[in-house]
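Undergrad: The following comprises the amino acid sequence and a computationally predicted model.
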Amino acid sequence: MDLKAQLVSEAEAIGFDLCRLCRPDAVPQVPAGLNGFLAEGYHGQMGWLADRVHWRSDPAALWPEARTVIMLGESYTPDHDPTAVHGMPDRGAISVYAQNKDYHDLVKKRLKRLARWLIAQTGDETQVKVFVDTAPVPEKPLGQAAGLGWQGKHTNLVSRDLGSWFFIGSVFTTLELETDSPEIDHCGSCRSCLDACPTGAFPAPNQIDARRCISYLTIEHHGPVDEELRPMMGNRIYGCDDCLAACPWNKFAVEAREIRYHAREGLIAPPLDELAALDDAGFRAKFSGSPIKRIGRNRFVRNVLYAMGNSGLQGYIPQAQGLMSDEDATVSDAATWAVQRLKGGAA
C-alpha cells in the first residue's frame with residue numbers, strides 16, 4: 001500500500017472511524033462566517049473566540065510549514081435514547097459526550113499515536129502537530145474540506161457514516177500527502193435540528209447565537225442565566241443534545257467502539273437532589289476524569305437548581321431554600337428563583 005492508504009488503515013486500527021486529508025488553505029470561506037458571528041455578538045462570554053482571529057480564519061497561518069492536514073473522526077454514538085431523560089423531571093440531562101471520560105484526553109492520545117507512527121514511517125525530518133478542540137483551528141470547516149462530513153444547519157459536522165455523533169481531531173504535518181475531495185451538503189430542505197432547539201438559538205440555517213444555546217449557557221456562561229431562558233432549559237444541566245439527536249442521518253450511526261464513551265452508571269439520568277447536595281470536594285470526586293469537572297461546583301449546582309425550578313416538584317423547595325444562603329451569589333440567585341418558581345410565584 002502507498003503511504004496514504006497505510007495511514008488510513010493505521011488510523012482505523014488505532015480507533016478512529018474516519019480519516020480524510022486536506023490542505024491547510026482549503027477553507028477560504030472561514031473568515032466571512034467567523035467575522036459575521038463575532039460582529040453579531042453571538043459568541044457571548046466566549047471572548048477567546050475573538051482572540052487570534054487570523055489563526056482561526058486561516059489554518060495555514062497557524063503553522064506555515066504544514067502542507068497537509070489529517071482530519072480524524074471518532075464516533076461516540078450512544079447506546080440509549082439521549083432525549084428520554086427529558087420526560088423525567090426529577091433527573092438531570094447530561095450531554096452524551098460528557099457521560100463518561102473526557103474525550104480531549106482520549107482523542108489526543110490516539111492523535112499522538114498516529115503522529116508517532118507517521119514519523120516512524122517517514123523519518124525524523126517529518127514534523128507534526130496534533131489538535132483536538134483546544135487550539136484556534138477551524139476543525140469543522142477543515143473536516144468538510146477533507147470529506148469527513150458537512151456542516152449541517154445546526155453548524156455541527158454531519159457524516160453520512162456516523163451521523164452527528166462524532167469527535168474531530170487533526171494532525172498537521174509537513175508531509176505532502178494526497179488529499180480527499182470535500183463533502184457536499186446533504187441536508188436538503190430538512191429542518192429537524194433547527195425545530196428541535198428549545199431556545200430558538202438558530203437565527204437562520206447554518207447560524208447559531210450561542211447566547212441562547214443551552215450548551216453554552218450550562219457550560220461556558222458564568223453568572224446568572226437570563227431569566228427568560230431559564231424555563232426553556234428544562235432539566236438540561238450540562239450541555240444539550242437536542243439538535244444532534246434530531247438529525248435523520250443518525251440512522252446510519254453505529255454505536256461507539258470506545259467503551260469509555262459509553263455512559264457511566266449514574267450519569268445517564270442522575271437524581272437532581274443528589275447533585276444539588278454536592279459540595280466542592282464531592283463535585284470533584286464525582287466528576288473526576290469527566291469534562292463536567294472543568295465548570296466547577298458552583299456553575300453546575302446553578303444548572304441543577306434551574307432544573308429543580310423547572311421540575312414542578314414542590315418536594316425540592318426545602319433543599320433549594322437551603323441553598324439560598326450559599327456562599328456563591330449565582331447559586332444563591334438560582335436557588336431563590338427555583339423556590340419562587342416551585343411556589344408558583346413570579347420568576
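TA: It's in.

Undergrad: use CA for all of it now, contacts and neighbours both
TA: OK.

Undergrad: average pLDDT for the helix or strand encompassing Ser215?
TA: Assigned by DSSP states H and E, Ser215 belongs to helix 214-219. Mean per-residue pLDDT for helix 214-219: 98.

Undergrad: what's the helix or strand just after that helix packed up against?
TA: Downstream of helix 214-219, the first helix or strand assigned by DSSP H and E is strand 236-238. Helices and strands touching strand 236-238, by 3 or more CA pairs under 8 Å, 6 or more residues apart in numbering; DSSP states H and E, are strand 93-94, helix 214-219, helix 296-311.

Undergrad: got TSV for these, with distance to Cys190 and mean neighbour count too?
TA: Conversion of the helices and strands packed on strand 236-238 to TSV gives the following (distance: least, CA to CA, whole Å; neighbours: other CA atoms under 10 Å):
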stretch	distance to Cys190	mean neighbour count
strand 93-94	26	26
helix 214-219	22	22
helix 296-311	30	26
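
Undergrad: hey, where'd the strands end up in the stretch 51-200 of the chain?
TA: Ranges of strands in the stretch 51-200 of the chain, per DSSP state E, counting those that start in this stretch, are 68-75, 93-94, 128-131, 150-151, 157-158, 166-173.

Undergrad: got the CA coordinates for the helix or strand bottoming out on mean pLDDT in the chain in PDB?
TA: Using mean pLDDT, DSSP states H and E, helix 53-57 stands out as the lowest-scoring helix or strand of the chain, at a mean of 76. What follows is helix 53-57, C-alpha atoms only, in PDB (Å, rounded to 0.1, in the frame of the first residue of the first chain):
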ATOM      1  CA  VAL A  53      -8.800  35.600  14.700                       C
ATOM      2  CA  HIS A  54      -6.100  35.400  12.000                       C
ATOM      3  CA  TRP A  55      -5.300  31.900  13.000                       C
ATOM      4  CA  ARG A  56      -9.000  30.800  13.300                       C
ATOM      5  CA  SER A  57      -9.600  32.300   9.900                       C
END
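
Undergrad: coming back round to it: for Gly315, which of the strands of the stretch 51-200 of the chain is the nearest?
TA: Minimum separation from Gly315 across the strands of the stretch 51-200 of the chain (CA to CA) falls at strand 93-94, 19.3 Å.

Undergrad: quick one: the longest helix belonging to the chain to strand 68-75, angle?
TA: For the chain, the helix with the greatest residue count under DSSP state H is helix 103-122. Inter-element angle recorded for helix 103-122 and strand 68-75: 140 degrees (by axes from the mean of the first three to the mean of the last three CA atoms, to 10 degrees).

Undergrad: For helix 103-122, buried residues please.
TA: 103-104, 107-108, 110-112, 114-115, 118-119 (16 or more other CA atoms under 10 Å).

Undergrad: Repeat that for stretch 252-260.
TA: Neighbour-count burial for stretch 252-260 [16+ other CA under 10 Å]: 253-256.

Undergrad: How about stretch 328-341?
TA: Buried, per 16+ other CA under 10 Å, within stretch 328-341: 330-341.
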